[in-house]
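J.: quick one, structure for this:
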Amino acid sequence: METTAQHPVSTDRYRWLRQEVDAWQTEGLLDAATAHAITARYVDAGDRRRRFSLGRLMLFLGGAFVGIGLIWLVAANLDQLPPLLRFGVVAAIWLALLAAAELSRASGAGRGALRLMATLAFGAVVFQAAQSLQVPAFSPALVGFWSAGALAHAYGFRALMPLVVGVITGVTWWIWWPLWESASAAGAVVGFGTAAVAAVSLAVVHDRGLTGFGQVWRSVGALLAMIGLFIAAVPYSTTDGFEWTGWLVVAAVLAAVAAGAALALGRGHARFEPLGAAAVLAIASLMVLWDTGTDTTRVEAADWAHAAVGVVAFVALAVALVAIGTLRDNPVLTAIAMVGLVVFTTFQSFAVFAAIVQGAWLFVVLGLVFLATGFGFDRARREIASNLEGVQS
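T.: Got it, this is the predicted structure:
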(Lines give C-alpha, C1' and ligand atoms only; values in the text may rest on other atoms or scores of the structure.)
Protein backbone atom coordinates (compact mmCIF):
# COMPACT_ATOMS: atom_id res chain seq x y z
CA MET A 1 0.00 0.00 0.00
CA GLU A 2 1.28 3.45 -0.89
CA THR A 3 2.02 5.61 2.12
CA THR A 4 0.14 8.93 2.16
CA ALA A 5 2.28 11.98 2.81
CA GLN A 6 1.60 13.58 6.17
CA HIS A 7 0.81 17.29 6.31
CA PRO A 8 2.01 19.17 9.41
CA VAL A 9 -0.65 21.32 11.09
CA SER A 10 -0.68 23.39 14.26
CA THR A 11 -1.27 21.70 17.61
CA ASP A 12 -4.63 23.40 18.13
CA ARG A 13 -5.87 22.48 14.67
CA TYR A 14 -4.66 18.87 15.04
CA ARG A 15 -6.41 18.58 18.39
CA TRP A 16 -9.61 20.01 16.87
CA LEU A 17 -9.41 17.51 13.99
CA ARG A 18 -9.00 14.54 16.33
CA GLN A 19 -11.97 15.66 18.41
CA GLU A 20 -14.17 16.10 15.34
CA VAL A 21 -13.17 12.73 13.86
CA ASP A 22 -13.88 11.00 17.18
CA ALA A 23 -17.28 12.69 17.32
CA TRP A 24 -18.09 11.66 13.74
CA GLN A 25 -17.06 8.10 14.51
CA THR A 26 -19.23 8.06 17.66
CA GLU A 27 -22.20 9.34 15.65
CA GLY A 28 -21.70 6.62 13.07
CA LEU A 29 -20.72 8.97 10.26
CA LEU A 30 -17.34 7.31 9.90
CA ASP A 31 -16.04 3.81 10.45
CA ALA A 32 -12.77 3.11 12.22
CA ALA A 33 -10.78 2.59 9.00
CA THR A 34 -11.95 5.86 7.48
CA ALA A 35 -11.30 7.76 10.72
CA HIS A 36 -7.77 6.37 10.86
CA ALA A 37 -7.19 7.23 7.19
CA ILE A 38 -8.25 10.84 7.79
CA THR A 39 -6.10 11.42 10.87
CA ALA A 40 -3.15 9.61 9.29
CA ARG A 41 -2.96 12.33 6.65
CA TYR A 42 -1.96 14.93 9.26
CA VAL A 43 0.73 15.22 11.89
CA ASP A 44 1.02 17.56 14.87
CA ALA A 45 3.71 20.08 13.89
CA GLY A 46 4.15 21.05 17.53
CA ASP A 47 4.77 17.44 18.48
CA ARG A 48 7.26 17.16 15.67
CA ARG A 49 9.14 20.16 17.03
CA ARG A 50 9.00 18.74 20.56
CA ARG A 51 10.61 15.56 19.28
CA PHE A 52 13.70 17.47 18.22
CA SER A 53 16.03 14.95 19.78
CA LEU A 54 19.18 15.50 21.75
CA GLY A 55 20.96 13.48 19.07
CA ARG A 56 20.02 15.99 16.36
CA LEU A 57 21.12 18.85 18.57
CA MET A 58 24.46 17.15 19.22
CA LEU A 59 24.93 16.57 15.48
CA PHE A 60 24.49 20.26 14.68
CA LEU A 61 26.64 21.37 17.62
CA GLY A 62 29.28 18.83 16.64
CA GLY A 63 29.21 20.07 13.06
CA ALA A 64 29.64 23.66 14.21
CA PHE A 65 32.53 22.81 16.54
CA VAL A 66 34.29 20.62 13.97
CA GLY A 67 33.92 23.29 11.29
CA ILE A 68 35.28 26.02 13.54
CA GLY A 69 37.96 23.69 14.90
CA LEU A 70 39.20 22.79 11.42
CA ILE A 71 39.43 26.45 10.50
CA TRP A 72 41.30 27.19 13.70
CA LEU A 73 43.61 24.18 13.34
CA VAL A 74 44.57 25.06 9.79
CA ALA A 75 44.96 28.76 10.58
CA ALA A 76 47.23 27.99 13.53
CA ASN A 77 49.64 26.03 11.33
CA LEU A 78 49.49 27.98 8.09
CA ASP A 79 52.57 30.08 8.85
CA GLN A 80 54.70 27.08 7.93
CA LEU A 81 53.20 26.92 4.41
CA PRO A 82 53.54 29.23 1.39
CA PRO A 83 50.44 31.35 0.60
CA LEU A 84 49.28 29.32 -2.42
CA LEU A 85 49.59 26.04 -0.54
CA ARG A 86 47.67 27.54 2.40
CA PHE A 87 44.78 28.39 0.15
CA GLY A 88 44.92 24.94 -1.45
CA VAL A 89 44.71 23.17 1.92
CA VAL A 90 41.71 25.20 3.08
CA ALA A 91 39.98 24.84 -0.30
CA ALA A 92 40.57 21.07 -0.27
CA ILE A 93 38.94 20.79 3.17
CA TRP A 94 35.93 22.81 1.96
CA LEU A 95 35.51 20.73 -1.21
CA ALA A 96 35.82 17.48 0.74
CA LEU A 97 33.14 18.56 3.19
CA LEU A 98 30.91 19.83 0.37
CA ALA A 99 31.21 16.52 -1.49
CA ALA A 100 30.56 14.56 1.70
CA ALA A 101 27.45 16.62 2.43
CA GLU A 102 25.89 16.44 -1.02
CA LEU A 103 27.00 13.00 -2.23
CA SER A 104 26.61 10.98 0.94
CA ARG A 105 23.45 9.17 1.99
CA ALA A 106 23.52 10.48 5.53
CA SER A 107 20.31 11.11 7.43
CA GLY A 108 18.64 14.52 7.37
CA ALA A 109 20.34 15.67 10.56
CA GLY A 110 23.68 14.13 9.56
CA ARG A 111 23.60 15.81 6.18
CA GLY A 112 22.63 19.08 7.85
CA ALA A 113 25.69 18.86 10.08
CA LEU A 114 27.95 18.18 7.08
CA ARG A 115 26.42 21.09 5.20
CA LEU A 116 27.04 23.34 8.19
CA MET A 117 30.70 22.31 8.31
CA ALA A 118 31.05 22.87 4.56
CA THR A 119 29.54 26.36 4.81
CA LEU A 120 31.85 27.30 7.68
CA ALA A 121 34.82 25.92 5.75
CA PHE A 122 33.86 28.11 2.79
CA GLY A 123 34.17 31.10 5.09
CA ALA A 124 37.70 29.94 5.87
CA VAL A 125 38.41 29.78 2.11
CA VAL A 126 37.26 33.39 1.69
CA PHE A 127 39.36 34.70 4.57
CA GLN A 128 42.40 32.67 3.55
CA ALA A 129 42.17 33.99 0.00
CA ALA A 130 41.96 37.52 1.39
CA GLN A 131 45.01 36.91 3.56
CA SER A 132 46.96 35.60 0.60
CA LEU A 133 45.99 38.71 -1.40
CA GLN A 134 46.88 41.02 1.51
CA VAL A 135 43.26 42.13 1.94
CA PRO A 136 42.41 43.33 5.50
CA ALA A 137 40.66 40.51 7.37
CA PHE A 138 38.23 42.93 9.03
CA SER A 139 36.77 44.18 5.73
CA PRO A 140 32.96 43.74 5.51
CA ALA A 141 33.34 42.71 1.86
CA LEU A 142 34.75 39.35 2.98
CA VAL A 143 31.60 38.62 4.98
CA GLY A 144 29.60 39.53 1.87
CA PHE A 145 31.52 37.00 -0.26
CA TRP A 146 31.01 34.36 2.44
CA SER A 147 27.29 35.08 2.42
CA ALA A 148 27.10 34.86 -1.38
CA GLY A 149 28.75 31.45 -1.37
CA ALA A 150 26.57 30.15 1.45
CA LEU A 151 23.40 31.33 -0.28
CA ALA A 152 24.53 29.74 -3.56
CA HIS A 153 25.03 26.47 -1.68
CA ALA A 154 21.63 26.80 -0.01
CA TYR A 155 19.63 27.47 -3.17
CA GLY A 156 21.64 25.11 -5.34
CA PHE A 157 20.93 22.13 -3.09
CA ARG A 158 17.79 23.35 -1.24
CA ALA A 159 19.84 23.20 1.98
CA LEU A 160 18.55 24.90 5.12
CA MET A 161 21.75 25.12 7.22
CA PRO A 162 23.76 26.97 4.52
CA LEU A 163 20.76 29.30 4.19
CA VAL A 164 20.89 30.13 7.90
CA VAL A 165 24.63 30.86 7.69
CA GLY A 166 24.15 32.82 4.47
CA VAL A 167 21.36 34.95 5.91
CA ILE A 168 23.28 35.69 9.11
CA THR A 169 26.46 36.67 7.27
CA GLY A 170 24.46 38.55 4.63
CA VAL A 171 22.64 40.63 7.21
CA THR A 172 25.95 41.28 8.99
CA TRP A 173 27.43 42.56 5.74
CA TRP A 174 24.32 44.62 4.92
CA ILE A 175 24.45 46.42 8.30
CA TRP A 176 28.22 46.56 8.66
CA TRP A 177 28.98 48.14 5.27
CA PRO A 178 27.22 51.53 5.78
CA LEU A 179 28.47 51.75 9.37
CA TRP A 180 31.96 51.02 8.05
CA GLU A 181 31.69 54.09 5.82
CA SER A 182 29.88 56.43 8.23
CA ALA A 183 28.80 55.24 11.68
CA SER A 184 25.70 56.91 13.12
CA ALA A 185 22.49 55.93 14.90
CA ALA A 186 20.38 57.09 11.96
CA GLY A 187 22.55 55.04 9.59
CA ALA A 188 22.00 51.97 11.76
CA VAL A 189 18.23 52.54 11.70
CA VAL A 190 18.22 52.81 7.90
CA GLY A 191 20.45 49.74 7.61
CA PHE A 192 18.35 47.56 9.88
CA GLY A 193 15.10 48.92 8.44
CA THR A 194 15.95 48.33 4.80
CA ALA A 195 17.30 44.87 5.64
CA ALA A 196 14.02 44.07 7.40
CA VAL A 197 11.97 45.18 4.38
CA ALA A 198 14.14 43.10 2.04
CA ALA A 199 14.05 40.00 4.27
CA VAL A 200 10.26 40.11 4.81
CA SER A 201 9.70 40.68 1.10
CA LEU A 202 11.89 37.70 0.22
CA ALA A 203 9.90 35.62 2.70
CA VAL A 204 6.66 36.48 0.87
CA VAL A 205 8.24 35.58 -2.47
CA HIS A 206 9.42 32.24 -1.05
CA ASP A 207 5.87 31.37 0.01
CA ARG A 208 5.21 30.34 -3.58
CA GLY A 209 7.36 27.23 -3.25
CA LEU A 210 10.17 27.35 -0.67
CA THR A 211 8.12 27.83 2.49
CA GLY A 212 10.90 26.52 4.73
CA PHE A 213 13.28 29.14 3.37
CA GLY A 214 10.53 31.71 3.76
CA GLN A 215 10.27 30.95 7.47
CA VAL A 216 13.95 31.75 7.91
CA TRP A 217 13.73 35.02 5.98
CA ARG A 218 10.55 36.04 7.82
CA SER A 219 12.04 35.36 11.26
CA VAL A 220 15.20 37.32 10.44
CA GLY A 221 13.13 40.18 9.01
CA ALA A 222 11.06 40.36 12.18
CA LEU A 223 14.18 40.50 14.34
CA LEU A 224 15.72 43.22 12.18
CA ALA A 225 12.53 45.32 12.29
CA MET A 226 12.47 45.11 16.09
CA ILE A 227 16.15 46.07 16.38
CA GLY A 228 15.70 49.03 14.05
CA LEU A 229 12.68 50.31 15.97
CA PHE A 230 14.49 49.72 19.27
CA ILE A 231 17.45 51.87 18.17
CA ALA A 232 15.12 54.62 16.97
CA ALA A 233 13.31 54.70 20.32
CA VAL A 234 16.52 55.24 22.29
CA PRO A 235 16.46 58.86 23.59
CA TYR A 236 19.94 59.71 22.31
CA SER A 237 19.48 58.28 18.79
CA THR A 238 19.73 61.34 16.55
CA THR A 239 20.81 62.24 13.04
CA ASP A 240 24.23 63.47 14.24
CA GLY A 241 26.91 62.23 11.87
CA PHE A 242 24.45 60.80 9.38
CA GLU A 243 24.94 61.13 5.64
CA TRP A 244 23.45 59.33 2.66
CA THR A 245 26.30 57.16 1.45
CA GLY A 246 26.21 55.27 -1.81
CA TRP A 247 25.48 51.99 -0.08
CA LEU A 248 22.53 53.36 1.90
CA VAL A 249 20.98 54.54 -1.35
CA VAL A 250 21.59 51.11 -2.92
CA ALA A 251 20.11 49.41 0.16
CA ALA A 252 16.98 51.55 -0.06
CA VAL A 253 16.60 50.78 -3.78
CA LEU A 254 17.10 47.02 -3.23
CA ALA A 255 14.55 47.02 -0.42
CA ALA A 256 12.05 48.84 -2.65
CA VAL A 257 12.62 46.37 -5.49
CA ALA A 258 12.17 43.40 -3.13
CA ALA A 259 8.97 44.92 -1.73
CA GLY A 260 7.66 45.47 -5.26
CA ALA A 261 8.35 41.84 -6.15
CA ALA A 262 6.58 40.69 -2.98
CA LEU A 263 3.52 42.81 -3.78
CA ALA A 264 3.43 41.41 -7.31
CA LEU A 265 3.96 37.75 -6.39
CA GLY A 266 2.42 37.61 -2.91
CA ARG A 267 -0.92 36.03 -2.18
CA GLY A 268 -3.71 37.24 0.05
CA HIS A 269 -2.78 38.91 3.33
CA ALA A 270 0.92 38.13 2.78
CA ARG A 271 1.16 41.27 0.66
CA PHE A 272 0.65 43.38 3.78
CA GLU A 273 3.85 42.06 5.39
CA PRO A 274 6.37 44.07 3.30
CA LEU A 275 4.11 47.11 3.68
CA GLY A 276 4.20 46.59 7.44
CA ALA A 277 8.00 46.35 7.41
CA ALA A 278 8.17 49.55 5.35
CA ALA A 279 5.83 51.26 7.84
CA VAL A 280 8.14 50.24 10.70
CA LEU A 281 11.08 51.75 8.82
CA ALA A 282 9.14 54.97 8.26
CA ILE A 283 8.14 55.25 11.93
CA ALA A 284 11.70 54.51 13.08
CA SER A 285 13.07 57.17 10.71
CA LEU A 286 10.60 59.77 11.98
CA MET A 287 11.51 58.95 15.58
CA VAL A 288 15.19 59.52 14.85
CA LEU A 289 14.37 62.82 13.17
CA TRP A 290 12.33 63.77 16.27
CA ASP A 291 15.24 64.90 18.44
CA THR A 292 14.14 65.52 22.05
CA GLY A 293 17.68 65.90 23.39
CA THR A 294 20.12 63.52 24.99
CA ASP A 295 19.73 64.54 28.63
CA THR A 296 18.02 61.60 30.36
CA THR A 297 18.35 63.11 33.84
CA ARG A 298 15.31 65.31 33.17
CA VAL A 299 12.19 63.95 31.52
CA GLU A 300 10.07 66.65 29.93
CA ALA A 301 6.84 66.54 27.93
CA ALA A 302 8.67 65.93 24.64
CA ASP A 303 10.54 63.00 26.20
CA TRP A 304 7.27 61.52 27.46
CA ALA A 305 5.72 61.88 24.01
CA HIS A 306 8.76 60.34 22.27
CA ALA A 307 8.79 57.40 24.68
CA ALA A 308 5.01 56.93 24.34
CA VAL A 309 5.19 56.80 20.55
CA GLY A 310 8.04 54.31 20.77
CA VAL A 311 6.15 52.07 23.20
CA VAL A 312 2.95 52.12 21.14
CA ALA A 313 4.84 51.37 17.92
CA PHE A 314 6.84 48.56 19.54
CA VAL A 315 3.77 46.95 21.10
CA ALA A 316 1.92 47.17 17.78
CA LEU A 317 4.84 45.49 16.02
CA ALA A 318 4.94 42.75 18.68
CA VAL A 319 1.22 42.05 18.32
CA ALA A 320 1.55 41.95 14.53
CA LEU A 321 4.37 39.41 14.82
CA VAL A 322 2.27 37.25 17.12
CA ALA A 323 -0.58 37.31 14.62
CA ILE A 324 1.72 36.39 11.72
CA GLY A 325 3.46 33.70 13.78
CA THR A 326 0.13 32.17 14.76
CA LEU A 327 -1.23 32.34 11.22
CA ARG A 328 1.88 30.72 9.75
CA ASP A 329 2.52 28.35 12.65
CA ASN A 330 5.93 29.94 13.26
CA PRO A 331 6.62 30.05 17.02
CA VAL A 332 9.95 31.79 16.39
CA LEU A 333 8.07 34.99 15.57
CA THR A 334 6.15 34.79 18.86
CA ALA A 335 9.39 34.23 20.78
CA ILE A 336 11.07 37.18 19.04
CA ALA A 337 8.10 39.42 19.82
CA MET A 338 7.97 38.44 23.51
CA VAL A 339 11.72 38.69 24.15
CA GLY A 340 11.94 41.95 22.22
CA LEU A 341 9.08 43.45 24.21
CA VAL A 342 10.67 42.49 27.52
CA VAL A 343 14.08 43.91 26.54
CA PHE A 344 12.50 47.09 25.17
CA THR A 345 10.38 47.63 28.28
CA THR A 346 13.38 47.13 30.55
CA PHE A 347 15.57 49.52 28.59
CA GLN A 348 12.93 52.22 28.35
CA SER A 349 12.28 51.97 32.08
CA PHE A 350 15.90 52.62 32.96
CA ALA A 351 16.71 55.05 30.13
CA VAL A 352 13.66 57.31 30.38
CA PHE A 353 11.67 56.73 33.53
CA ALA A 354 14.49 56.12 36.01
CA ALA A 355 14.69 59.89 36.49
CA ILE A 356 11.12 59.83 37.82
CA VAL A 357 10.85 56.50 39.65
CA GLN A 358 13.91 55.98 41.81
CA GLY A 359 15.56 52.99 43.46
CA ALA A 360 13.49 50.04 44.61
CA TRP A 361 10.25 51.60 43.37
CA LEU A 362 11.59 51.41 39.83
CA PHE A 363 11.87 47.63 40.15
CA VAL A 364 8.40 47.39 41.67
CA VAL A 365 6.90 49.41 38.83
CA LEU A 366 8.92 47.47 36.28
CA GLY A 367 7.73 44.18 37.76
CA LEU A 368 4.12 45.32 37.55
CA VAL A 369 4.67 46.36 33.96
CA PHE A 370 6.13 42.94 33.17
CA LEU A 371 3.18 41.18 34.80
CA ALA A 372 0.66 43.28 32.92
CA THR A 373 2.60 42.93 29.65
CA GLY A 374 2.96 39.17 30.03
CA PHE A 375 -0.70 38.69 30.90
CA GLY A 376 -1.88 40.92 28.06
CA PHE A 377 0.56 39.38 25.60
CA ASP A 378 -0.50 35.82 26.40
CA ARG A 379 -4.17 36.76 26.31
CA ALA A 380 -3.72 38.44 22.93
CA ARG A 381 -1.86 35.40 21.58
CA ARG A 382 -4.64 33.05 22.70
CA GLU A 383 -7.33 35.34 21.30
CA ILE A 384 -5.56 35.60 17.95
CA ALA A 385 -5.07 31.83 17.80
CA SER A 386 -8.72 31.23 18.69
CA ASN A 387 -9.98 33.68 16.07
CA LEU A 388 -7.72 32.22 13.39
CA GLU A 389 -8.84 28.70 14.23
CA GLY A 390 -12.45 29.80 13.99
CA VAL A 391 -11.88 31.39 10.58
CA GLN A 392 -9.92 28.48 9.15
CA SER A 393 -12.18 25.74 10.49
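
J.: may I see the buried residues of the helix or strand containing Ala130?
T.: Using DSSP states H and E, Ala130 sits in helix 108-132. For helix 108-132, burial by neighbour count (16 or more other C-beta atoms under 10 Å) applies to 109-132. All C-beta spots, glycine's among them, are computed from the backbone N, C-alpha and C.

J.: quick one: the closest residue to Asn330 other than its chain neighbours from Ala124, how far?
T.: Setting aside the residues directly before and after it, Asn330 is nearest to Gln215 in space (C-beta to C-beta, 6 or more residues apart in numbering), at 5.6 Å. Using C-beta to C-beta, to the nearest Å, Gln215 is found at 28 Å from Ala124.

J.: what does Ala258 give?
T.: Relative to Ala124, and taking C-beta to C-beta, Ala258 is found at 30 Å.

J.: ok, now Leu151?
T.: Distance from Leu151 to Ala124, by C-beta to C-beta: 17 Å.

J.: tell me which strands and helices the strand or helix carrying Arg15 is in contact with?
T.: Using DSSP H and E, Arg15 sits within helix 11-26. The contact analysis (3 or more C-beta pairs under 8 Å, 6 or more residues apart in numbering; DSSP states H and E) places helix 11-26 against helix 32-39, strand 42-44, helix 45-50, helix 359-392.

J.: quick check: mean pLDDT of the third one?
T.: It stands for helix 45-50. Per-residue pLDDT values over helix 45-50 give a mean of 52.

J.: over to the longest one?
T.: For helix 359-392, the mean per-residue pLDDT is 58.

J.: can you report phi and psi for Thr326?
T.: phi -70, psi -40 (degrees, to the nearest 10).

J.: what is the neighbour count of it?
T.: The tally of other residues near Thr326 (other C-beta atoms under 10 Å) stands at 24.

J.: doesn't Thr334 make contact with it?
T.: Yes. With contacts counted by C-beta atoms under 8 Å, Thr326 reaches Thr334, the gap being 7.2 Å.

J.: list the contacts of Ser104.
T.: Ser104 makes contacts with 110-111, 114, as judged by C-beta atoms under 8 Å, 6 or more residues apart in numbering.

J.: looking at those residues, which gets the smallest pLDDT?
T.: Among the contacts of Ser104, Gly110 has the lowest pLDDT, at 72.

J.: which element is Val135 on?
T.: Going by DSSP H and E, Val135 is not in any helix or strand.

J.: please name the nearest non-neighbouring residue to it.
T.: Leu142 (7.1 Å).

J.: could I get the buried residue list for the helix or strand encompassing that neighbour?
T.: Using DSSP H and E, Leu142 falls within helix 140-157. Within helix 140-157, the residues that count as buried by 16+ other C-beta under 10 Å are 140, 142-151, 153-154.

J.: what does that helix contact?
T.: Contact partners of helix 140-157, identified using C-beta under 8 Å, 6+ apart, comprise 98, 102, 115, 118-119, 122-123, 126-127, 130, 135, 159-160, 162-163, 165-167, 169-170, 172-173, 176-177, 180, 213.

J.: so what's the residue count around Ala320?
T.: Neighbours of Ala320 using other C-beta under 10 Å come to 20.

J.: ok, it touching Gly276?
T.: Yes. Assessed by C-beta under 8 Å, Ala320 is found in contact with Gly276 at 6.1 Å.

J.: let's have the buried residues of helix 140-157 in JSON lines, adding pLDDT.
T.: Shown next, in JSON lines, are the buried residues of helix 140-157 (pLDDT from 0 to 100):
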{"residue": "Pro140", "pLDDT": "86"}
{"residue": "Leu142", "pLDDT": "89"}
{"residue": "Val143", "pLDDT": "91"}
{"residue": "Gly144", "pLDDT": "92"}
{"residue": "Phe145", "pLDDT": "94"}
{"residue": "Trp146", "pLDDT": "93"}
{"residue": "Ser147", "pLDDT": "95"}
{"residue": "Ala148", "pLDDT": "96"}
{"residue": "Gly149", "pLDDT": "95"}
{"residue": "Ala150", "pLDDT": "95"}
{"residue": "Leu151", "pLDDT": "96"}
{"residue": "His153", "pLDDT": "94"}
{"residue": "Ala154", "pLDDT": "94"}
